[in-house]
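J.: Need coordinates for the following:
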Amino acid sequence: MKYIPFIKYSKIWLFLSAALAVVSIIIVAKWGLKFGIDFTGGSLMEIEFAKARPENNLVIATLERSEITNVVIQKTGDDGIIVRTAAMTEESHQKALTAVKNEFEKDGNTITESRFEMIGPSVSQQLRQRSIWAFILVCLGIIAYVAYAFRGVSRPVASWKYGALCVVALAHDVLIVVGLFSFLGHYFGTEVDVAFIVAVLTILGYSVNDTIVVYDRIREKLLHRTSESFEDLVNAGLNQTVMRSINTTLTTLLPLFALYFYGGATIHSFSLALLVGITSGAYSSIFIASPLLVYVERWQKKKA
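T.: Residues are numbered from 1 along each chain as shown. Sure, this is the predicted structure:
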């Protein structure tokens, strides 16, 4: 059977991946991320409508005309909305509420504010710390799990190195997503919120799943190894799983495209992060994680 020589051209894939990662690091270092009120603090209003609840974009436009910034709308219950904004004084709070009532309180559609509170920076700081710890613990868990799962094929590459290379591929995927959102935040005001953190953690799980599928096929070939070199085994494993990875990724991306274009502003950034991250995850499992196994094996031979 004739195989596509993935490993033969691996230097090209790794160079492109490294270039993208470096560009992402530079962008993040220069511009940072534009954090939403989940991280910076702000105000929260919960409003109930007696009859028809207006569309989110209409409420946002009404509030922005009253100079209320960073507005995020979330529907709640049958007739309510939760409005998250930048920190408001009591004066701007009343101005915002009056603007909503003047615009939508018609034909008996009375409007009631059931809750108004401030989201303090102390809560936001705690959320940042928890997000960082969640990422670190996920990476450590992946290394430990892969090291245990691949303990039967610790030759010629130690099983824990499979897990470490998984994390390298994951770091690439996360850097691409974070770099993109740093760029979008600088030029288009796209904010990072809790949904973004959820998307990143989802990307970690999806990406490692794709990588494990490829590694598992390589493990099967190592268990029944004859005279083939390690490079040939990795290349054969890639060829036997590449269509599975592409098909799985495409079937996942289709509903994500639907969410991105028709899901509304609330989940727009969430679906965009998943689209980019899952695509990058499929790429990294084929063109980063697996070729790096070969380079580790070659390095070990030279060292020996």
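J.: S10 reaches P291, doesn't it?
T.: Yes: applying C-beta atoms under 8 Å, one finds S10 in contact with P291, separated by 3.6 Å. Where C-beta positions appear, they are placed from N, C-alpha and C, glycine not excepted.
J.: who has more neighbours, these two?
T.: A direct count of neighbours by other C-beta atoms under 10 Å for S10 and P291 places P291 higher, at 24 against 20.
J.: how about the strands of the stretch 1-150 of the chain, start to end?
T.: Using DSSP state E, counting those that start in this stretch, the strands of the stretch 1-150 of the chain run over 42-49, 72-76, 80-85, 111-119.
J.: and Q129, how many neighbours does it have?
T.: Counted with other C-beta under 10 Å, residues neighbouring Q129 total 10.
J.: where exactly do the helices run in the stretch 51-200 of the chain?
T.: Applying DSSP state H, counting those that start in this stretch to the stretch 51-200 of the chain gives helices spanning 56-65, 90-104, 121-149, 159-188, 194-223.
J.: Which of these has the lowest mean pLDDT?
T.: Mean pLDDT per stretch puts helix 121-149 lowest among those, at a mean of 79.
J.: Between strand 111-119 and it, find me the angle.
T.: Orientation of helix 121-149 against strand 111-119 (axes from the mean of the first three to the mean of the last three C-alpha atoms, to 10 degrees) gives an angle of 70 degrees.
J.: would you list the helices of the stretch 51-200 of the chain in TSV and tack on distance to V276?
T.: Converted to TSV, those look like this (distance: least, C-beta to C-beta, whole Å):
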stretch	distance to V276
helix 56-65	24
helix 90-104	34
helix 121-149	17
helix 159-188	5
helix 194-223	8
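J.: A29: which of the ones you listed is closest?
T.: Nearest to A29 among those is helix 159-188; the distance by C-beta to C-beta comes to 9.0 Å.
J.: Taking helix 121-149 as reference, get the angle to the closest one.
T.: Using the same axes, to 10 degrees: helix 159-188 against helix 121-149 is 150 degrees.
J.: got a list of what the nearest residue to V178 once chain neighbours are set aside touches?
T.: Closest residue to V178 apart from its sequence neighbours, by C-beta to C-beta, 6 or more residues apart in numbering: V28 at 5.8 Å. Counting by C-beta atoms under 8 Å, 6 or more residues apart in numbering, V28 makes contact with 175, 178-179, 182.
J.: Kindly write the PyMOL command that selects the buried subset of those residues.
T.: Those of the contacts of V28 that count as buried under 16 or more other C-beta atoms under 10 Å are selected in PyMOL with:
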select buried, resi 175+178+179+182
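J.: export the contacts of V28 to CSV and tack on distance to I143?
T.: Conversion of those to CSV gives the following (distance: C-beta to C-beta, whole Å):
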residue, distance to I143
L175, 18
V178, 21
G179, 24
S182, 27
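J.: Pick out whichever of the contacts of V28 sits closest to K303.
T.: The shortest approach to K303 among these belongs to L175, at 28.4 Å (C-beta to C-beta).
J.: just checking, the closest one touches S24?
T.: Yes: in this structure, L175 is within contact of S24 by C-beta under 8 Å, at 4.4 Å.
J.: Out of the helices of the stretch 51-200 of the chain, flag the one nearest D38.
T.: helix 194-223 (4.7 Å).
J.: buried residues in that closest one?
T.: By neighbour count on 16+ other C-beta under 10 Å, the buried set for helix 194-223 is 195-197, 199-200, 203-204, 206-208, 210-212, 214-215, 217-219, 221-222.
J.: following that helix, which helix or strand shows up next?
T.: Proceeding N to C from helix 194-223, the next assigned helix or strand is helix 230-262, under DSSP states H and E.
J.: can you state the direction angle for that next one and helix 194-223?
T.: Relative orientation of helix 230-262 and helix 194-223, computed by the same axes, to 10 degrees: 160 degrees.
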